[in-house]
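Q: Give me the fold of what follows.
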Amino acid sequence: MKSLQKKIEETGLKKAYIAQQLGITSSTLSRILSGKQAYVSADLMKRLEELLDKKK
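A: From the prediction side, this is the model:
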């Protein structure tokens, strides 16, 4: 499985746009991507994957 960072780069979407679509701040998205976010809900990860898959 590709890392989330690589998937985001492939889609060409801005992190701020992705965060807005998910209803989180861009700093929270950055923490998720860097692995510093202690807990990420399964629902949020599912929505993120769906957003990235839709934009391919």
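Q: Read off the pLDDT value for the most centrally placed residue in the chain.
A: By C-alpha atoms, centre = their mean, the mean C-alpha position of the chain lies nearest to L48, the distance being 4.9 Å. For L48, the model assigns a pLDDT of 92.
Q: for A38, same thing?
A: What the model reports for A38 is a pLDDT of 85.
Q: Roughly how far does it sit from A19?
A: When distance is defined by C-beta to C-beta, to the nearest Å, A38 is 18 Å away from A19. (Glycine included, C-beta is placed from N, CA and C.)
Q: Looking at these two, which is more packed in?
A: Taking other C-beta atoms under 10 Å, A38 and A19 do not tie; A19 has more neighbours (18 against 6).
Q: Sort out which residues of the host helix or strand of the more buried one are buried, please.
A: Per DSSP states H and E, A19 falls inside helix 15-22. In terms of neighbour count (16 or more other C-beta atoms under 10 Å), helix 15-22 has its buried residues at I18, A19.
Q: now the angle between helix 15-22 and the next helix or strand after it, please.
A: Downstream of helix 15-22, the next assigned helix or strand under DSSP H and E is helix 26-34. Relative orientation of helix 26-34 versus helix 15-22 (axes from the mean of the first three to the mean of the last three C-alpha atoms, to 10 degrees): 100 degrees.
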